[in-house]
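Trainee: Next input, structure requested:
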Amino acid sequence: METFNEQRVYANFSYNFANFTDCRQQHKVKHLLIEILYMAILATIAGAEDIEDIARYSTTKKNWLSTFLTLPKGIPSHDTFNRVLCMIDPTEFGKSFIGWISAYRDRLPMSDEKDVIPIDGKTICNSNDDYAGKKAIHMVSAMSTKYGLVLGQKKCAEKSNEITAIPELLDLISVKSCIVTIDAMGCQKKIAEKIISKGADYILALKGNQGNLHDEIVDFFEKTKQPEFKHYIYQTDTQTEKNHGRIETRQCSTVTNLDWLLEPSQWTNLKTIVKINATVIKGNKETTEDRYYITSIDGNATLINQAIRTHWHIENKLHWVLDVIFREDYCRLRAGNGAENMNIIRKIALNKLKSDTSYKCSIKGKKKRCGWDDNYAAKILWEMTA
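Mentor: Below you'll find the model as predicted:
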C-alpha cells in the first residue's frame with residue numbers, strides 16, 4: 001500500500017473543516033479545535049462509538065498523532081472532548097460537511113445514470129434528556145444512491161417535524177438533474193415546488209395524509225382493472241429481486257392522463273400517478289401490498305419503479321449502518337450539541353470509508369483495519385480530500 005504523509009492528510013482536512021467559530025474562552029484554550037475534531041473523526045473511523053472511546057483511542061495513538069499534530073498540551077481529556085463536541089455550532093459544522101461533500105461529488109465522473117436522492121428522517125435514540133425536558137433529536141438526511149454518499153442533514157426543530165426540515169435541507173444541497181424521493185410525510189405541495197425549483201424531479205409517496213388526492217388515485221386505479229378504463233395505463237414495468245431468502249416482485253403502473261383529477265395544477269409539474277403492486281414470498285408465506293405515488297417524471301415506468309426501490313437505500317445503507325455498525329443509538333451523549341455533532345462525525349466517517357475501493361471489505365472490516373493500521377487510517381482520511 002502507498003505510504004501516506006499524515007501532515008499532508010491533516011492539512012487537507014483542515015482546509016475543508018477549519019472554517020467555523022471556536023466558542024471557547026480563548027485565554028483558557030489548551031487544545032486546538034481543529035485537532036480535537038480531527039482526532040474525533042479519526043477515532044470514529046477506527047471504531048470509536050462514544051466520547052470515552054475517542055479519548056482512549058487518542059491516548060493510545062499519542063506517539064503516532066504527535067508526528068503530525070501540534071498537541072500543545074498533549075491529548076485532550078475525556079471531559080475536554082465532551083465539552084468541545086457539545087459546544088461546536090452544528091449548523092456551521094454541517095455546512096462545512098455539505099461543502100466538502102459537494103466539492104467531492106462535483107469531481108466524480110459524469111454519467112447518464114440518474115442519481116436518486118432519497119430524503120428520510122431518523123431519531124437518535126438516547127439523545128433525549130428527560131431531566132432537562134429535552135426530546136430525542138430527529139435528523140433528516142439526504143443520500144446520493146448513485147455514489148453511496150451522505151449529502152447532508154438537517155435537524156428537525158423540537159416543536160416541528162420533517163415537513164419544515166426537508167425544504168431547509170433542500171436549500172443546502174445540490175439536487176439538480178436528480179430524482180428526489182420522499183415518503184408520505186414529505187408529500188406536500190410546497191416540497192414538490194421546492195424540488196422543481198432546484199432543477200430536480202420528485203417521486204412522493206402518497207397515503208391518507210393527502211386525503212382526497214389519495215382516495216381519488218386509489219379509486220381510479222381500481223377502475224383501470226375494468227376493460228373500458230385499461231387504456232388509461234400509460235406504461236407498466238415488472239422487476240423481481242431475490243435476496244435473504246425472500247422474493248419480491250414489484251409491478252409498476254403509470255397514468256399520465258390526469259384530466260380527471262380535481263386540482264392537479266396545485267402540484268408543481270405533476271405529470272404522473274403511480275401504483276406499485278408489491279408481492280413478497282418468504283418461505284411458504286406470500287404478502288401483497290399496493291403503494292401509490294405522484295411524480296414529475298413523464299410516465300417512464302421502468303425508471304420510476306427502480307427509483308422507488310432505490311429509496312430504501314437510505315434505510316439499508318445509512319440508517320441501518322449508523323445503528324448497527326456505528327452503534328449510534330447506544331451513545332448516551334445528550335448535553336448541548338453533542339449528539340448532533342457526533343451524527344455529522346459518523347457521516348463523515350461513513351463517507352470516507354465508503355470511498356475507499358482498494359480494500360474489498362465491509363464497513364465494519366475497514367473500521368477494524370483503521371484501528372490496527374495507521375497508514376490505512378491515513379489513507380481513509382485522505383480519500384475525498386485530495
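
Trainee: Residue 279 should be in a strand, yeah?
Mentor: Yes: Residue 279: assigned to a strand according to DSSP: H, G, I helix; E, B strand; the rest coil.

Trainee: and it, what is it in contact with?
Mentor: Applying Cβ atoms under 8 Å, 6 or more residues apart in numbering, we find residue 279 in contact with 248-250, 286-288. C-betas here are computed from N, CA, C, even on glycine.

Trainee: Try it again at 6 Å.
Mentor: Residues in contact with residue 279 (Cβ atoms under 6 Å, 6 or more residues apart in numbering) are 249, 288.

Trainee: Can you tell me how far it is from residue 250?
Mentor: Residue 279 sits 8 Å away from residue 250, taking Cβ to Cβ, to the nearest Å as the criterion.

Trainee: Could you do residue 54 as well?
Mentor: Between residue 54 and residue 250 the computed distance is 43 Å (Cβ to Cβ).

Trainee: out of those two, which sits in the busier spot?
Mentor: Using other Cβ atoms under 10 Å as the criterion, residue 54 and residue 250 rank with residue 54 on top: 26 against 20.

Trainee: my read: that one touches residue 45, true?
Mentor: No: Residue 54 is beyond contact range of residue 45, at 10.9 Å (criterion: Cβ atoms under 6 Å).

Trainee: what about the helix or strand where residue 304 lies, average pLDDT?
Mentor: Using DSSP states H and E, residue 304 sits within helix 301-310. Average pLDDT, helix 301-310: 96.

Trainee: got a list of contacts for the following helix or strand past it?
Mentor: Sequence order places helix 313-314 as the next helix or strand after helix 301-310, per DSSP H and E. For helix 313-314, contacts defined as Cβ under 6 Å, 6+ apart pick out 118, 120, 143, 145.

Trainee: Determine how far helix 313-314 lies from the middle of the whole chain.
Mentor: 8 Å (Cα atoms, centre = their mean, to the nearest Å).

Trainee: Same question for stretch 324-333.
Mentor: Distance of stretch 324-333 from its chain centroid, counting by Cα atoms, centre = their mean, is 16 Å.

Trainee: Okay, buried residues for that stretch please.
Mentor: For stretch 324-333, burial by neighbour count (16 or more other Cβ atoms under 10 Å) applies to 325-326, 328-329, 331, 333.

Trainee: What average pLDDT does it get?
Mentor: Confidence over stretch 324-333 (mean pLDDT, whole number) is 82.

Trainee: Give me the contact list for it.
Mentor: The contact list for stretch 324-333 (Cβ under 6 Å, 6+ apart) reads 49-50, 125-126, 322-323, 339, 342, 346, 363-364.

Trainee: next one: stretch 286-297
Mentor: When contacts are defined by Cβ under 6 Å, 6+ apart, stretch 286-297 is touched by residues 201-206, 217, 269-280, 304.

Trainee: Now do the strands in this structure.
Mentor: Using DSSP state E, the strands of the chain run over residues 116-123, 138-144, 149-155, 179-182, 201-206, 235-243, 246-255, 272-282, 285-295.

Trainee: hey, which of these is tucked in deepest?
Mentor: strand 179-182 (a mean of 27; mean count of other Cβ atoms under 10 Å).

Trainee: and the residue nearest to residue 245 when sequence neighbours are not counted, bridged to which residues?
Mentor: Nearest non-adjacent residue to residue 245, counting by Cβ to Cβ, 6 or more residues apart in numbering: residue 282, 6.2 Å away. Going by DSSP bridges, residue 282 is paired in beta bridges with residue 246, residue 285.

Trainee: Pretty sure residue 282 sits against residue 247.
Mentor: No: using Cβ under 6 Å, residue 282 is not in contact with residue 247; the gap is 7.7 Å.

Trainee: wait, isn't residue 43 in contact with residue 56?
Mentor: No: judged on Cβ under 6 Å, residue 43 makes no contact with residue 56 at a distance of 8.3 Å.

Trainee: Neighbour count: these two, which is higher?
Mentor: Neighbours were tallied for residue 43 and for residue 56 using other Cβ under 10 Å; the higher tally belongs to residue 43 (27 against 15).

Trainee: got a list of what the more buried one touches?
Mentor: Contacts for residue 43 (Cβ under 6 Å, 6+ apart) come out as 54, 57.

Trainee: Relative to residue 37, how far out is it?
Mentor: From residue 43 over to residue 37 the distance is 11 Å, taken as Cβ to Cβ.

Trainee: Could you do residue 207 as well?
Mentor: Relative to residue 37, residue 207 is positioned 41 Å away (criterion: Cβ to Cβ).

Trainee: out of these two, which sits in the more crowded spot?
Mentor: residue 37 (24 against 13).

Trainee: Tell me the spacing between that one and residue 274.
Mentor: In terms of Cβ to Cβ, residue 37 sits 44 Å off from residue 274.

Trainee: Also residue 207?
Mentor: Separation of residue 207 from residue 274 (Cβ to Cβ): 13 Å.

Trainee: next one: residue 370
Mentor: With distances taken as Cβ to Cβ, residue 370 is found 42 Å from residue 274.

Trainee: ok, the nearest residue to residue 309 once chain neighbours are set aside - contacts?
Mentor: Of all residues not flanking residue 309 in the chain, residue 250 sits nearest, at 6.5 Å (Cβ to Cβ, 6+ apart). Counting by Cβ under 6 Å, 6+ apart, residue 250 makes contact with 239, 276, 278.

Trainee: swap the cut-off to 7 Å and go again
Mentor: Contact partners of residue 250, counting by Cβ atoms under 7 Å, 6 or more residues apart in numbering, are 239, 276, 278, 305, 309.

Trainee: how about the worst-scoring helix or strand of the chain on mean pLDDT: buried residues?
Mentor: Lowest on mean pLDDT, DSSP states H and E among the helices and strands of the chain sits helix 6-17, with a mean of 82. Buried residues in helix 6-17, counted by 16+ other Cβ under 10 Å: 6, 9-10, 13-14, 16-17.
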